[in-house]
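> Okay, predicted coordinates and the sequence, questions at the end:
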Amino acid sequence: MMNVAVPDELMSRFRTVSMERLERIDTAWTAIVHGETSPSEDAQLLRDVHTLKGDAKVVGLVEASMLCQRLEDLLSAARDRSYRVHEDVDIVVTMTIQFIAMLVRKRSAGGGIDLQGFLKQIEEVMSEWLRRSSEAPDRKLSVGPHLRVKDRDRVTESSGIRLSSATTSVYVEHLRATSTETKARLHQMWTELRAGVIEAHRAPLTSIVFGHVRTAREIAEALGKRLTAVVHGDDIAVSPETADALSVVLVHALRNAVDHGIELPAVRQKANKPPIATLKVDIERHGERISLLVEDDGTGVDIDAVRVRAVERGLLSPELARDAPAERVLECLLAPGFSTRDSTSELSGRGIGLDAAHAAVRELGGDLTLESHYGWGTTLRASVADARGALDILSFDSPHSEVRFAIPAIHAVKKTDALSTVALEDVLRIPKSDRAKPQSFSVFSADFAVTIDAVAKPTPERALRTCPTQEEELVEIVDVGERQLVLVRPEVLHARLRSD
Amino acid sequence: MTIQEINTRELKTETEVQKSAFTVKMTGFAEMPMMAELDGFLKRLHQSAIDAQIPEVVIDIRPLEFMNSSCFKAFVSWINTLQEAPEASQYRVRFVSDEKKHWQNRSLGALACFAVDLIKVETSSMGS
């Protein structure tokens, strides 16, 4: 909306410059999400958006300026996640850039443009994105380079979906096969495809670690601190979930080490320490678990200060605070919002960070511990299971075949005497050979109910989604230990039965 | 009247030309390598729609598995061109999305905000 009469010449100049700027923003964003850019280009992108926001305000394009602010929010959140963004986010960022371009061209959001509706779309994507993320990091903590796994090292989400879907089909085909030879051949094919699916989704952890270490060095330099970083670890590839969780740990651990732990050279010398600090990062794989160690020889944690603050925060009783061993007291640092600092810095010290790191590893069934010697440094150890997402299921043997089926545990199950039941083998066209007396169970939610055959009441278990398919697909093959189960989505089954 | 379709392994279009509307069904995956194809197709579609003075273009993306940001940009560009066309020759655009494909509803919801007077989004299931 234009409230001020801006000379035409100025407006025309603003349009030309802004359209060029928007083209640069669009190109830079595309390059970033495809992993083809450097940190300096990324900084330029944020500067361009910021400048455009200011320029639009000056010429009275309040709506364009407001949208630039939202774009800044989106870009900052993406940057905090090392630009590992969901495709929904990529689309909304791209469309926001296009929307701003439209406002710049047209001057105001009249004539069929629904700015409020568009802002609502951004809000929805943002809130869904934050909910999906293992953490909602504070923007002030995010500085330094961007550690997104490059596209050439990863498979796009859509390709991953296609791979998983095709792999699932091969598994179902193997169940359908009647000859032993075909069954074995298809099973072999499935094993190879599944290994491909898992591998295709892997992210090279080592390059992520080096990126974070590089950031830590830059931060140290900016703070006048000197450090030698030592990284140990083989070239480990992990699932994106594991990479994300360990990335969160590294962000906070390294920044805490550089900001709070490592002292200025003069201070270190006074404490009879070498002026150059040592920062050590080790990554190791132990079977399915990945362990990470971040160690610095800085000032360490003042345990007595933590005891005092823990009592103030009500995390420990005065008695417990007095008597608790150091490791118990250090656990308080993992509590949300805990900080022993009286003032905050731009990098850390706001008491957020270690709790986010802790939450990220716990999300994957992992753990995080701290060890510190006041005056001599801190060691953080994190360990996570390198597996794709876990899913709570209800599993059951089929009375009509050797297949063990499962449904997501969010559904309610009740034994029923209904005669009209569904043999899942019929739906999936798997040969039937009755092997036990069927019992009928109604699987239901608020919207639907289907009755299925099972040998006994489905039992709760936790499965791993090694080959995830989309929600609208009827089946997914999940792992429970070494065994594969055919997960059936009851809502899709219900829809399919209705349409048949 | 025929419009040259996209017929690649990744992405296919099928256009039904009627007096009341052009109905385009898109199938497959619209990703980065398909951007130029899609852009070209939408330009042809636009020109044909203007020439035929048809009141509506229906884009049925229900069978489409995925469309990335680059291809959505091609749609934005098409909508911009349509907005800039003389009002008398403008046509309406109706997108049909699959209610179960969250990405379709989300992305089209945002796209519709560019021109609520010209774009309508309808959701329905694949079977209907």
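Good, I have the coordinates.
> Going along the chain, name the helices of the stretch 151-300 of chain A.
A:157-176, A:180-200, A:205-222, A:240-256, A:265-270 (DSSP state H, counting those that start in this stretch).
> And the longest one, what does it pack against?
The helices and strands touching helix A:180-200, judged by 3 or more C-beta pairs under 8 Å, 6 or more residues apart in numbering or on different chains; DSSP states H and E, are helix A:157-176. C-beta coordinates here come from the backbone N, C-alpha and C atoms, glycine included.
> got the angle for the helix it packs on vs helix A:240-256?
140 degrees (axes from the mean of the first three to the mean of the last three C-alpha atoms, to 10 degrees).
> Compare the helices of the stretch 151-300 of chain A and give me the one nearest A:D90.
Closest approach to A:D90 among the helices of the stretch 151-300 of chain A (C-beta to C-beta): helix A:157-176, 9.8 Å.
> in the closest one, what's buried?
For helix A:157-176, a neighbour-count test (16 or more other C-beta atoms under 10 Å in any protein chain shown) marks A:157-158, A:160-161, A:163-165, A:167-168, A:170-175 as buried.
> of all those, which comes closest to A:H358?
Once C-beta to C-beta is applied, the member of the buried residues of helix A:157-176 that ends up nearest A:H358 is A:E157, at 27.7 Å.
> Please save the CA atoms from the longest helix along chain B in CSV.
For chain B, the helix that runs over the most residues, judged by DSSP state H, is helix B:35-52. Extracted in CSV, the C-alpha atoms of helix B:35-52 (Å, rounded to 0.1, in the frame of the first residue of the first chain):
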residue,chain,number,x,y,z
MET,B,35,11.6,-27.2,-15.8
ALA,B,36,12.3,-26.1,-19.4
GLU,B,37,9.9,-28.7,-20.8
LEU,B,38,7.1,-27.5,-18.4
ASP,B,39,7.8,-23.9,-19.1
GLY,B,40,7.6,-24.5,-22.8
PHE,B,41,4.4,-26.5,-22.4
LEU,B,42,2.7,-23.8,-20.3
LYS,B,43,3.6,-21.2,-22.8
ARG,B,44,2.0,-23.3,-25.6
LEU,B,45,-1.0,-23.9,-23.4
HIS,B,46,-1.4,-20.2,-22.7
GLN,B,47,-1.1,-19.2,-26.3
SER,B,48,-3.6,-21.9,-27.4
ALA,B,49,-6.0,-20.9,-24.6
ILE,B,50,-5.8,-17.2,-25.7
ASP,B,51,-6.2,-18.1,-29.3
ALA,B,52,-9.2,-20.4,-28.7
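> got the contact list for the helix or strand following that helix?
As assigned by DSSP states H and E, the chain's next helix or strand after helix B:35-52 is strand B:56-60. Residues from elsewhere that reach strand B:56-60, judged by C-beta atoms under 8 Å, 6 or more residues apart in numbering or on different chains: B:20-26, B:45, B:49, B:91-96.
> again, only this time at 10 Å
Contacts to strand B:56-60, defined as C-beta atoms under 10 Å, 6 or more residues apart in numbering or on different chains, come from residues B:13-16, B:18, B:20-27, B:42, B:45-46, B:48-49, B:75, B:78, B:82, B:91-98, B:108, B:118-122, B:124.
> So which of the residues you listed reach chain A?
Among the contacts of strand B:56-60, the ones lying near chain A by C-beta under 10 Å from any C-beta of the partner chain are B:F75, B:D98, B:L118, B:I119.
> if I look at the closest residue to B:Y91 other than its chain neighbours, how far off is B:Q83?
The spatially closest residue to B:Y91, leaving aside those adjacent along the chain, is B:A49, at 5.2 Å (C-beta to C-beta, 6 or more residues apart in numbering or on different chains). Counting by C-beta to C-beta, to the nearest Å, the separation of B:A49 from B:Q83 is 14 Å.
> Touching both of the two, which residues are there?
Joint contacts of B:A49 and B:Q83 (C-beta under 10 Å, 6+ apart) are B:Q90.
> What count of nearby residues applies to B:P86?
7 (other C-beta atoms under 10 Å in any protein chain shown).
> more neighbours, B:A49 and B:Q83?
Neighbour count, other C-beta under 10 Å: between B:A49 and B:Q83, B:A49 has more, with 24 against 19.
> you'd agree that one is up against B:A21?
Yes. With contact defined as C-beta atoms under 10 Å, B:A49 and B:A21 form a contacting pair (9.2 Å).
> Common neighbours of those two, please.
Contacts common to B:A49 and B:A21, judged by C-beta under 10 Å, 6+ apart, are B:P55, B:E56, B:V57, B:Y91.
> re earlier: ok, of the contacts of strand B:56-60, which come out buried?
B:13, B:15, B:21-27, B:42, B:45-46, B:48-49, B:75, B:78, B:82, B:91-98, B:108, B:118-119, B:121.
> Strands - which of those land there?
Counted as lying in strands by DSSP state E, out of those, are B:13, B:15, B:21-27, B:92-98, B:119, B:121.
> Show me what the one helix or strand in chain B whose mean pLDDT sits lowest is in contact with.
The helix or strand of chain B with the lowest confidence, counting by mean pLDDT, DSSP states H and E, is strand B:64-67 at a mean of 88. Residues outside strand B:64-67 that contact it (C-beta under 10 Å, 6+ apart): A:87, A:91, A:156-159, A:161-162, A:165, A:470, B:10-13, B:25-31, B:34, B:38, B:61, B:71, B:74-75, B:97-98, B:101, B:103-104, B:107-108.
> what do you get if the cut-off is 8 Å, keeping everything else the same?
By C-beta under 8 Å, 6+ apart, strand B:64-67 touches A:87, A:157-158, A:161-162, B:26-31, B:61, B:103-104, B:107.
> Please apply the same query to stretch A:213-232.
Contacts of stretch A:213-232 (C-beta under 8 Å, 6+ apart): A:143-145, A:206, A:209-210, A:254-255, A:257-259, A:262-265, A:275-283, A:347.
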